[in-house]
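*Asks:* For reference, the sequence and a predicted model appear below.
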Amino acid sequence: MDFSVIGYVDTHTPQHVMLIRVLIAAALGAVIGYEREAHSMAAGLRTHILVATAASLFTMLAFEIYHTALEGGSNNPDPVRAVEAVTAGIAFLGAGAIFQQRGNVHGLTTGAGMWLAGAIGVAVALGYYLIAVAVAVVALIVLTALRYLSHKVIGGEKPRRSSTTED
């Protein structure tokens, strides 16, 4: 059957490989998002999955556009612009997760986690599975083991301030 009649376009990277990359990015985003969700953070499982998946897809599309432009005779296609756009979009989401209340800043780790999930998505899209998995493992160590260290050992349990407390 000729799928070109419905708009199907051949890709430089086989589409089954692209699908595998998107699924790996989603799974690794889920690993980070699950940790955030388990601690009732604003951006959890679904957010991190979507960020990693979107970053992966945008990166693959950038390189597909790059190869299409080369085949079309362009001498100067620049796929890095698309990766920069992914980074800017993730930064926007991360900034939205950060807020300040009564002198305390919340959401920095969640924003950083979203940024990292995006980077993992880009790595997966480029086919760097091993480094993407390793970074996801490092992220889990940072988010879980170091949570204990920073809250229990270094800083001790900090009392929550009452909303009626005067400054």
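*Replies:* Received, thanks. What you see is a predicted model, and the numbers here were worked out from it, not measured in a lab.

*Asks:* pLDDT weak spots in this structure?
*Replies:* Residues of the chain meeting the criterion pLDDT under 70: 42, 100-103, 105, 149-151, 153-167.

*Asks:* Scan it for its longest helix.
*Replies:* helix 45-71 (DSSP state H).

*Asks:* And residue 2, its phi and psi?
*Replies:* Residue 2 adopts backbone torsions of phi -90, psi 110, taken as degrees, to the nearest 10.

*Asks:* in stretch 46-63, what's buried?
*Replies:* 47-63 (16 or more other CB atoms under 10 Å). In this view, the C-beta of every residue, glycine as well, is placed from N, C-alpha and C.

*Asks:* Same check on stretch 85-99?
*Replies:* Applying 16+ other CB under 10 Å to stretch 85-99 flags 86, 87, 90, 93, 94, 97 as buried.

*Asks:* From residue 78, how far out is the residue lying closest to the third one once chain neighbours are set aside?
*Replies:* Taking CB to CB, 6 or more residues apart in numbering, and ignoring the residues beside it in sequence, residue 90 has residue 118 as its nearest neighbour in space, at 3.9 Å. Applying CB to CB, to the nearest Å, the value for residue 118 to residue 78 is 20 Å.
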